[in-house]
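Asker: Okay, predicted coordinates and the sequence, questions at the end:
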Amino acid sequence: MKVKLSLRLGVIGGALSMSLLSSPAIAEDVLKFGVSSPMSGAAANWGIGCDWVGQKVVKYINDHGGVRAGGKTYKVQLTTYDNGYTAAGGAQSAQAMISRDGVRYIVQSLGTAPVQATQSLSERAGVILLTTAWGKSIKGPKFPLTFTNSNTPYEIFEPLFSVVRGQHPNIKSVALLNPNDSTGQQAEAQSKQEWAKLGVKVVSSSFYERGTTEFQSIATKLANSKTDAVDLGGSAPGDAGSVFKELSVQGWNGVKLYPAGTGSDTLVKVGGKSVEGVYMGQAADFSGATATALQRDLDTQAKQVLHEPLNILQMGVWDGMMALKAGIEKADSIDPRAIAKALPTTTVETSYGPVGYGGKSTYGTPQQLLVPVIITQIQNGNTVEVRRVKSTDANGS
């Protein structure tokens, strides 16, 4: 895995120190939590940051008395597993977490394809699964143990596209590009629906395979469509930067959207000036005035260690851990099924502040953590907040 040695040693050391707590000599109860995320490939920066936040929230919980349930107090430990952002990687990481290591609580899982592979095992094994995956198909009454930590296309696209259309009223057409997997396919379907509501015509919709490194021909097709806007849906950061760079080379200069965009750093590193003006749906300025004190503190530390700011997906690990802690304590049980029953009516002290669950009208059951939708734009190479939309969904509705 192409991961910085210092970070990997930190993960190993953190897991080892927690493992020691469960030895007979120390006789302290420990709950095992897992994160499934890409630690290699085009989306590796997401996973590395997820692990870093995970170790921070583990320390916070343990330093503040652990988790209480059934008259006992538990310490927590967390291990991150590389899912490669693929279905095969998701299946392998799920086997390692659940079957080999006995993890019963998955705090965060990135990517619809790996999440679907994980879910096929987690639901059968009675393991609770928290995720940021975009797919609508992973939630609902058929999946009572699955919950979402951050917003998905069904929360993001409508306000994002509306804001962009409001700022660029002359947009009449859009071209879509998505990865050819569950994330991309479900993002594409929702994009078409939301653009149609705004009266914007989808002039082309294309898919590419994860792992693609040459985007010149793809960009040529997009540019030749003479579209007013390009929507890169669920693409990975490195891929999006490459596409915008190739579009710029070919002289295209329309409105640029990257709904899955989680921040400017990777985009700017790959795409340079070509990503100026890109609108994003999953980015946030956690150093800004609208961030909480906790978010600003974590972001400052992350910049020193990871050399880039935190994004919403990474912050979701903090929120996922706090959600499970709250669910365990409300259920007064460490049984994942009891926790899952308690979560929909639980108020969670997230990094944003107190937040409940909702989404019943969209998914059939309240499985969506109602964090705000934050719409941002890259301006002078930085992530700048354009609009913040709070969910109007009531707790449990």
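Answerer: The structure has been received and is ready for your questions.
Asker: tally of neighbours for residue 170?
Answerer: Residue 170 has 7 neighbouring residues, counting by other Cβ atoms under 10 Å. C-beta here means a position set from N, CA and C on the backbone, and glycine is covered the same way.
Asker: which outside residues touch stretch 353-372?
Answerer: Here stretch 353-372 makes contact (Cβ atoms under 8 Å, 6 or more residues apart in numbering) with 136, 139-141, 143-144, 146-152, 154-155, 292, 312, 319, 323, 343-348, 350, 352, 388-391, 393-397.
Asker: show me where this protein has helices.
Answerer: When assigned using DSSP state H, the helices of the chain occupy the ranges 5-21, 44-63, 87-94, 112-125, 153-167, 182-197, 216-224, 237-249, 265-271, 293-305, 312-331, 336-342, 360-363.
Asker: Just the CA atoms of the shortest one, as PDB, please.
Answerer: In other words, helix 360-363. Taking Å, rounded to 0.1, in the frame of the first residue of the first chain, the C-alpha atoms of helix 360-363 are listed here in PDB:
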ATOM      1  CA  LYS A 360     -37.600   8.200   6.200                       C
ATOM      2  CA  SER A 361     -39.400   9.900   3.300                       C
ATOM      3  CA  THR A 362     -36.300   9.100   1.000                       C
ATOM      4  CA  TYR A 363     -35.200   5.800   2.300                       C
END
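Asker: what pLDDT, on average, does it get?
Answerer: For helix 360-363, mean pLDDT rounds to 93.
Asker: What residues of that helix count as buried?
Answerer: By 16 or more other Cβ atoms under 10 Å, the buried positions in helix 360-363 come out as 360, 362, 363.
Asker: do you know how far the first one is from residue 345?
Answerer: Between residue 360 and residue 345 the distance, using Cβ to Cβ, to the nearest Å, works out to 12 Å.
Asker: Tell me which residues are up against stretch 379-394.
Answerer: For stretch 379-394, contacts defined as Cβ under 8 Å, 6+ apart pick out 155, 159, 163, 263-264, 268, 276-277, 279-280, 283-285, 288, 290, 309, 356, 358-359, 361, 368, 370-378.
Asker: for stretch 212-230, that is, sorry about that
Answerer: Under the criterion Cβ under 8 Å, 6+ apart, residues 164, 168, 170-175, 177, 200, 203-204, 206, 208, 239, 242-243, 246-247, 249-252, 254-257 lie in contact with stretch 212-230.
Asker: Buried only: go through those residues for me.
Answerer: With neighbours counted by 16+ other Cβ under 10 Å, these contain buried members at 164, 171, 173-175, 177, 200, 203-204, 208, 239, 242-243, 246-247, 252, 254-257.
Asker: State which strand of the protein is the longest.
Answerer: Longest strand in the chain by number of residues (criterion: DSSP state E): strand 72-82.
Asker: Remind me what it packs against, helices and strands.
Answerer: Applying 3 or more Cβ pairs under 8 Å, 6 or more residues apart in numbering; DSSP states H and E, we find strand 72-82 packed against helix 5-21, strand 30-37, helix 44-63, strand 67-69, helix 87-94, helix 312-331.
Asker: how about a cut-off of 7 Å?
Answerer: Where contact means 3 or more Cβ pairs under 7 Å, 6 or more residues apart in numbering; DSSP states H and E, strand 72-82 is packed against helix 5-21, strand 30-37, helix 44-63, helix 87-94.
Asker: By mean pLDDT, show me the worst of those.
Answerer: Lowest mean pLDDT within those: helix 5-21, a mean of 37.
Asker: picking up where we left off before, wait, which of the helices of the chain is closest to residue 76?
Answerer: Closest approach to residue 76 among the helices of the chain (Cβ to Cβ): helix 44-63, 5.4 Å.
Asker: by how many degrees do the closest one and strand 30-37 diverge?
Answerer: Relative orientation of helix 44-63 versus strand 30-37 (axes from the mean of the first three to the mean of the last three Cα atoms, to 10 degrees): 160 degrees.
Asker: what about this protein, any weak spots by pLDDT?
Answerer: Residue ranges of the chain with pLDDT under 70: 1-28, 392-397.
Asker: Find the residue at the geometric middle of it.
Answerer: Nearest to the geometric centre of the chain sits residue 313, at 3.3 Å (Cα atoms, centre = their mean).
Asker: residues touching that one, list them.
Answerer: Contact partners of residue 313, counting by Cβ atoms under 7 Å, 6 or more residues apart in numbering, are 46, 50, 110, 132, 150, 262, 282.
Asker: how about 8 Å then?
Answerer: 46, 49, 50, 108, 110, 132, 150, 262, 282 are the contacts of residue 313 under Cβ under 8 Å, 6+ apart.
Asker: Who are the contact partners of the first one?
Answerer: Residues in contact with residue 46, defined by Cβ under 8 Å, 6+ apart, are 37, 38, 110, 237, 262, 311, 313, 314.
Asker: Kindly report the same for the second one.
Answerer: Taking Cβ under 8 Å, 6+ apart, we find residue 49 in contact with 302, 306, 308, 310, 311, 313, 314.
Asker: quick one: which of those residues is nearest residue 77?
Answerer: Comparing the contacts of residue 49 against residue 77 with Cβ to Cβ places residue 314 closest, at 18.9 Å.
Asker: From what I see, that closest one and residue 52 are in contact.
Answerer: Yes - when contacts are counted by Cβ atoms under 8 Å, residue 314 is listed as touching residue 52 (7.4 Å).
Asker: More neighbours: which of those two?
Answerer: The neighbour count for residue 314 versus residue 52, taken as other Cβ under 10 Å, is higher for residue 314 (31 against 21).
Asker: Starting from residue 53, give me the distance back to that one.
Answerer: Computed as Cβ to Cβ, the residue 314 to residue 53 distance reads 5 Å.
Asker: Pull the number of nearby residues for residue 179.
Answerer: Burial of residue 179 is recorded as 28 neighbouring residues (other Cβ under 10 Å).
Asker: got the domain boundaries for this protein?
Answerer: As recorded under the TED database, the domains making up the chain are 30-151+294-371, 154-280.
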